[in-house]
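[1] return a 3D structure for these sequence lines:
(2 chains)
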Amino acid sequence: MESAREWIKCDESAKSLMDRVSMERPSLLLPPPLHRAPLCAGNVVEIVGPSPSAKSYILLQAAINCILPKEWNGIHYGGLERLVMYFDLDCRFDVSYLSQSLKRRIVRAQGPDSHSLVEQDTHLDEVLFLACLKRFLYIRCYNSLEFLAALKTIRPQLQTESEGHGIGVHFLMFDSISAYYWIDRAYKPLSSAISNRKPFSLQSITEAVVQELRQLLQFHPMLVLATKPALLGLEFSACHITRKQSSSPSATGMLPLSRGAERFLYREYMPSAWQVILFLVDIA
Amino acid sequence: MPPLKSLQHQFPSIDSNLLHFCASHGIFSVEDFLVHDLYMLVALAERQTSSKGLKEGIAQVLTFLNNQHFPWMNGVELLESTQHNKHFLLTGFDGIDTLLCGGLCEGNLTELAGPSSSGKTQFCLHAAAHVAYTYMCSVLYLDTSNSFSSKRISYRVNRLLASPNKGEKGRSLEGIMSSILSHSVFDIFSMFETLHQLELSLSSQAEIQNSKLRLLIVDSISSLITPILGGKGPQGHSLMLNVGFILKKLAIDYNLAVLVTNHTVVGEGGNSKPALGESWKSVPHTRLLLSRDQMSNICNMSILKHTSMACGQTASFRLDG
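    Numbers count the residues shown, from 1 in each chain, chains lettered A, B, ... in the order given. Down below sits the predicted model:
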């Protein structure tokens, strides 16, 4: 009887349940079209699309949502106030565009009556702007070796930054994950008599990247966003791209990719080691 | 990346014990270190008798790796360094400078695509003359199709020197012409060599010299790459992207504005599009398309892609002479 009574007794109230869940699985505030997917920290999302299709723009908006505070000086900004780590593998990041977008968001959040604000508030805006920018951590890599070196030494960096700011990293962004695909594919492995030496090739590099990511996500769960340009019809020249009206994949294993009224064929080209850890493939 | 042995003198913990341990797992160089699972390696090292020494050695290799990549920066530092180092170079065509919000941006790779005789080389020559004159810097022109014309440049510089707002610069034609360096490159491998030499000379320049290099023009990159693209292997694409990354590295690390020209091919629907395919699209920061009205000197430039502006904006300019 006692055990039955124990069983019926409640463990926690709904309020404490909501508090606990929101701390363990915080909301991610993703920009469209990612907001419709049930994503949480620990997922790896790949954003695919032909060039140009605003993939880097989506990353930037997600980053701004993350670095803005929820509320500051009485104004509601609706951000997550967390750190973002950005790997610029394409080396095309434009920091002035980030700062312009951030300033526009700050001004927009202040509402239409921001024109009547006094001088003092522009200084406070500056303080907010710099505080947000300090939460954006950036690194640039020119080849796979630098990329792997950065991934292997990321943990102490993460630790220092989290302790310094007092908040954790929420997003890890790669723009774009297939930047070194062709360069790595052309590596010829050294023929050596040593059997247990791993060849330095696209396969082994991708496996090493995936391994590091897995281990990192175990200790620091965060959402990983990676962009990838879709190389349409890899084996075919441009004039041979066929347009299909139906949505079923063809016998060659190509997936239809819609772009307005036209549909192109897109083929996955990253090694299977990378595809295995993906949560979903977003088609831009 | 060096073999592990060569790190011995720099890091004392990387001793023969560690080298032997690593060799037993197939790790001989830093590259092998990068593709191996380090946590498993540390776990295996724990089981050895000299585990402390081995773990210290692995930690020191990680320190070495930490210096191999660009250091982490936050947004504030990045913004300050960009505002301090990356300026705009006016090309001399007012419409184009307004279109590009100030001209060619240092640290950016700008691609200019257009059909034959649409004015790409003329634009490059004109921009080289204008930049050398206005900023008193040197310009490097890598010419792959014998299209460099010193006569054209001297004509342009003379026009600039004769203009009323010369100021008290006191420049001479010879001074300006001698700061524009032209180099002929006819295949991709000599391009690699030239770019490596350039990187070496830029990295060894300790003091700011009189004429600092600020603009690098490659006219045209497509004539070097098109012959090697195609075929079943990835070598062509790999060389193309390698050149792209080297150019971007030169632009970003040494604050150069890099301008490359590309020709166009016919795409679907009969529209012309820039050559070099899909993989090249992710290389340049800014892509511009040039077209020219027949029988006139008016050229039209439109933005295909820009890191901070919407596509589709156009501007016109006139080629004189």
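[2] for the rest of this, base every contact and every neighbour count on C-alpha atoms.
    Fine.
[3] so the residue nearest the centre of chain A: helix, strand or coil?
    With distances taken as CA atoms, centre = their mean, the residue of chain A nearest its centroid is residue A:225 (1.9 Å). Per DSSP: H, G, I helix; E, B strand; the rest coil, the secondary structure class of residue A:225 is strand.
[4] what stretches of the stretch 1-150 of chain A score poorly on pLDDT?
    Under the criterion of pLDDT under 70, the regions of the stretch 1-150 of chain A flagged as low confidence span A:22-28, A:112-121.
[5] how about the residues of it near chain B?
    In this structure, the stretch 1-150 of chain A approaches chain B at residues A:51-52, A:90-97, A:99, A:130, A:133-142, A:145-150, judged by CA under 8 Å from any CA of the partner chain.
[6] inside helices: which ones of the residues you listed?
    By the criterion of DSSP state H, membership of these in helices covers A:95-97, A:99, A:130, A:133-134, A:145-150.
[7] could I get the residues you listed in TSV, plus columns for neighbour count and distance to residue B:304?
    Output for these, formatted as TSV (neighbours: other CA atoms under 10 Å in any protein chain shown; distance: CA to CA, whole Å):
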residue	neighbour count	distance to residue B:304
A:95	19	20
A:96	16	19
A:97	15	17
A:99	19	23
A:130	14	32
A:133	24	29
A:134	19	32
A:145	19	32
A:146	20	30
A:147	23	29
A:148	23	33
A:149	25	34
A:150	24	33
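[8] adding distance to residue B:186, write these out as TSV.
    Converted to TSV, those look like this (distance: CA to CA, whole Å):
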residue	distance to residue B:186
A:95	36
A:96	37
A:97	37
A:99	42
A:130	48
A:133	45
A:134	46
A:145	30
A:146	31
A:147	32
A:148	34
A:149	35
A:150	36
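[9] what packs against the longest helix seen in chain A?
    With DSSP H applied, the helix covering the greatest number of residues in chain A is identified as helix A:202-219. For helix A:202-219, the helices and strands in contact under the criterion 3 or more CA pairs under 8 Å, 6 or more residues apart in numbering or on different chains; DSSP states H and E are helix A:144-152, helix A:181-185, helix A:272-276, helix B:30-35.
[10] what residues does the first one touch?
    For helix A:144-152, the surrounding residues in contact (CA atoms under 8 Å, 6 or more residues apart in numbering or on different chains) are A:89, A:141, A:180, A:184, A:205, A:208-209, A:212, B:31, B:34-35, B:62, B:65-66, B:68-70.
[11] helices of the stretch 151-300 of chain B, start to end?
    With DSSP state H, counting those that start in this stretch as the definition, the stretch 151-300 of chain B shows helices at residue ranges B:173-178, B:188-203, B:222-225, B:235-254, B:277-281.
[12] now those as JSON lines including distance to chain A, mean neighbour count and mean pLDDT?
    Supplementary listing: the helices of the stretch 151-300 of chain B in JSON lines, determined by distance: least, CA to the nearest CA, whole Å; neighbours: other CA atoms under 10 Å in any protein chain shown; pLDDT from 0 to 100:
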{"stretch": "helix B:173-178", "distance to chain A": "32", "mean neighbour count": "15", "mean pLDDT": "85"}
{"stretch": "helix B:188-203", "distance to chain A": "14", "mean neighbour count": "14", "mean pLDDT": "92"}
{"stretch": "helix B:222-225", "distance to chain A": "14", "mean neighbour count": "20", "mean pLDDT": "90"}
{"stretch": "helix B:235-254", "distance to chain A": "4", "mean neighbour count": "20", "mean pLDDT": "92"}
{"stretch": "helix B:277-281", "distance to chain A": "6", "mean neighbour count": "17", "mean pLDDT": "86"}
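[13] dump the ones you listed to TSV, plus distance to residue B:297.
    Putting the helices of the stretch 151-300 of chain B into TSV (distance: least, CA to CA, whole Å) gives the following:
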stretch	distance to residue B:297
helix B:173-178	25
helix B:188-203	32
helix B:222-225	24
helix B:235-254	31
helix B:277-281	29
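[14] can you tell me how far the residue nearest in space to the middle of chain B is from residue B:46?
    Against the mean C-alpha coordinate of chain B, by CA atoms, centre = their mean, the closest residue is residue B:247 at 2.1 Å. Using CA to CA, to the nearest Å, one gets 45 Å for the distance from residue B:247 to residue B:46.
[15] residue at max distance from the center of chain B?
    Computed with CA atoms, centre = their mean, the maximum C-alpha offset from the centroid of chain B is found at residue B:49, amounting to 50.0 Å.
[16] mind pulling up the pLDDT for it?
    Note for residue B:49: predicted pLDDT of 75.
[17] before we move on, what about residue B:139?
    We have a pLDDT of 93 for residue B:139.
[18] from residue A:128, how far off is it?
    The gap separating residue B:139 from residue A:128 is 41 Å, by CA to CA.
[19] more crowded one of the two?
    Between residue B:139 and residue A:128, residue B:139 has the larger neighbour count (other CA atoms under 10 Å in any protein chain shown), namely 27 against 18.
[20] in a strand, the more buried one, correct?
    Yes - the assignment for residue B:139, made by three-state DSSP, places it in a strand.
[21] who are the contact partners of it?
    Contacts for residue B:139 (CA under 8 Å, 6+ apart) come out as B:128, B:131-132, B:179-181, B:213-217.
[22] farthest-separated two in these?
    Checking the contacts of residue B:139 against each other with CA to CA, the farthest-apart pair comes out as B:179 and B:217, at 13.7 Å.
[23] between the two, which has more neighbouring residues?
    Just comparing residue B:179 and residue B:217: by other CA under 10 Å the higher neighbour count belongs to residue B:217, 24 against 21.
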